[in-house]
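Enquirer: got a predicted structure here, sequence first:
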Amino acid sequence: MTGTEESDRPGDRFESARNTVLQHRDGGTCFHCGDGGCGQYAWAVEELGRHPGGRALLRQLGFPTDDSTEEGQPR
């Protein structure tokens, strides 16, 4: 599922983003990956950055995060 497919519920988007990022850790891939990279992975990192819990997960995985923005606020 991408950000625009199947479900637009915030919880479903978060879970899909979380699963995608976890599949890619340590050089892993997902079924969306191709020779040109993975658009799903880029979407997932962006989606997780919108949520406090997602930012915490990204920090645990070594991503730099900007905690100065609150959920729903423009970046």
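Expert: Sure thing, it's come through. Residues are numbered from 1 along each chain as shown.
Enquirer: next, work out how far apart residue 51 and residue 27 are.
Expert: 25 Å (CB to CB, to the nearest Å). Every residue, glycine included, has its C-beta placed from N, CA and C.
Enquirer: between these two, which is the more surrounded one?
Expert: residue 51 (18 against 5; other CB atoms under 10 Å).
Enquirer: touching, that one and residue 14? I think so.
Expert: Yes: if you go by CB atoms under 8 Å, residue 51 and residue 14 touch, sitting 6.0 Å apart.
Enquirer: distance of residue 47 from residue 66?
Expert: From residue 47 across to residue 66, the span is 15 Å (CB to CB).
Enquirer: neighbour count: those two, which is higher?
Expert: The neighbour comparison of residue 47 against residue 66 (other CB under 10 Å) goes to residue 47, with 20 against 8.
Enquirer: that one sits in which helix or strand?
Expert: helix 39-48 (DSSP states H and E).
Enquirer: would you mark the buried spots in stretch 32-45?
Expert: Buried residues in stretch 32-45, counted by 16 or more other CB atoms under 10 Å: 32, 38, 40, 41, 43, 44, 45.
Enquirer: ugh, typo on my part, it should be stretch 19-31
Expert: Of all the residues in stretch 19-31, those buried under the rule 16+ other CB under 10 Å are 20, 21, 23, 24.
Enquirer: all set, thanks.
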